[in-house]
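[1] Need the 3D shape of this:
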Amino acid sequence: MNLNPIQLFDAESSTFTYILSAPGSVDAVIIDPVDQHCERDLSHLRRLGLKLAFILETHAHADHVTSAGKLRQITGAKAAVPSGCGIPPAEIQLNDGDVIRFGDGEEIHVLHTPGHTAGSMSYLWRGNVFTGDTLLIDGCGRTDFQSGSSGDLYDSVTRKLFALPADTRMWPGHDYKGQSVSTIGWEKLHNARLANRSREQFAELMAGLNLPKPKLLEIAVPANQNLGLVHSI
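    Presented below is the predicted three-dimensional model:
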């Protein structure tokens, strides 16, 4: 059974935030919240009668500041982050294979999918996978800083994400082309960076991108390593 998450968007950084909930419980989980949309996200929770149980981060973001620290202070929810991303204030340091339980028997399975950053995680829930910057719709995250590795990203996608059932819905951390959701099956066959490429071909492609650094890099990374409480934007 596929349940649709609530998908919210930050136009400045093209970041998706997700709220997960299920019938029969007031518990909710939020993934990758953005600092300037803290009140928006709280309003969604209040309107739906939901209580935030966990705040999940897919990695320490370089292009926006998280609202995880604020949300934790306001709601009492627990922050859960990848153990390899250097975010020590979070109560829960996640590792590959961990399970986050909330509500009435709901389970989120934690997949370590390094490559964009060394600690990047994806989250699998009810036939939906939230891939952060590891896998984007028809693309993927960059691998040239924050302990990134094109080889690791290729392995994460081809060995873990593409091993999921083809009808698994794939919800990315960002989108720059007006798209919102894909499937693992579609990405496996059509993803412009990863489909039908060898590991070596993918590494060559990524090495030639020459992307500019994110504008908020120097602000966002240290702030996010403190759950967004060092700086705000």
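
[2] if I look at residue 108, how far off is residue 18?
    With the distance defined as C-beta to C-beta, to the nearest Å, residue 108 ends up 11 Å from residue 18. To be clear about C-beta, it is placed using only N, CA and C from the backbone, and glycine gets the same treatment.

[3] Where does pLDDT dip in the chain?
    Filtered on pLDDT under 70, the chain yields the residue ranges 1-2, 230-233.

[4] Which residue, other than its chain neighbours, is closest to the residue positioned nearest the centre of it?
    The centroid of the chain falls nearest to residue 132 when counting by C-alpha atoms, centre = their mean (2.8 Å). What sits nearest to residue 132 in space, not counting adjacent residues and going by C-beta to C-beta, 6 or more residues apart in numbering, is residue 58, at 2.8 Å.

[5] Any figure for the gap between the one you found and residue 15?
    According to C-beta to C-beta, residue 58 stands 10 Å off from residue 15.

[6] ok, how many other residues are close to residue 56?
    As a burial measure, residue 56 scores 28 neighbours (other C-beta atoms under 10 Å).

[7] Let me see the backbone angles for the residue nearest to residue 65 when sequence neighbours are not counted.
    Using C-beta to C-beta, 6+ apart and skipping the chain neighbours, the partner closest in space to residue 65 is residue 35 (4.1 Å). The phi and psi values for residue 35, taken as degrees, to the nearest 10, are phi -50, psi -50.

[8] how much space between residue 35 and residue 144?
    On the measure of C-beta to C-beta, residue 35 and residue 144 end up 25 Å apart.

[9] okay, these two: which has more neighbours?
    Legend: neighbour count by other C-beta under 10 Å for residue 35 and residue 144, higher for residue 35 (22 against 14).

[10] more crowded one of residue 58 and residue 15?
    Neighbours per residue (other C-beta under 10 Å) separate residue 58 from residue 15, with residue 58 holding more: 26 against 22.

[11] Any figure for the gap between that one and residue 200?
    Going from residue 58 to residue 200 by C-beta to C-beta gives 27 Å.

[12] With residue 127 instead?
    Distance of residue 127 to residue 200, computed by C-beta to C-beta: 33 Å.

[13] and what of residue 181?
    Following C-beta to C-beta, the distance that separates residue 181 from residue 200 is 31 Å.

[14] between the two, which one's more packed in?
    Each of residue 181 and residue 200 has its neighbours counted (other C-beta under 10 Å); residue 181 has more, 15 against 11.

[15] returning to that earlier point: okay, and the common contacts of residue 58 and residue 15?
    Common contact partners of residue 58 and residue 15 (C-beta atoms under 8 Å, 6 or more residues apart in numbering): 32, 173.

[16] Can you report phi and psi for the nearest residue to residue 143 once chain neighbours are set aside?
    Spatially, and ignoring its direct neighbours in sequence, residue 143 is nearest to residue 150 (4.5 Å; C-beta to C-beta, 6+ apart). When quoted as degrees, to the nearest 10, the phi and psi of residue 150 stand at phi -70, psi -40.

[17] do the same with the one 10 residues further on
    As for residue 160, its main-chain torsions (degrees, to the nearest 10) stand at phi -110, psi -60.

[18] Looks like it contacts residue 110 (just checking).
    No - with contact defined as C-beta atoms under 8 Å, residue 160 does not count as touching residue 110 (11.2 Å).

[19] any common contacting residues for these two?
    Common contact partners of residue 160 and residue 110 (C-beta under 8 Å, 6+ apart): residue 122.

[20] ok so residue 197 is a helix residue?
    No - counting by DSSP: H, G, I helix; E, B strand; the rest coil, one finds residue 197 to be coil, located in no helix.

[21] Helix or strand: which one has the residue lying closest to it once chain neighbours are set aside?
    Leaving aside its chain neighbours, residue 197 sits nearest to residue 205 (7.0 Å; criterion: C-beta to C-beta, 6+ apart). Residue 205 is part of helix 199-207 when elements are defined by DSSP states H and E.
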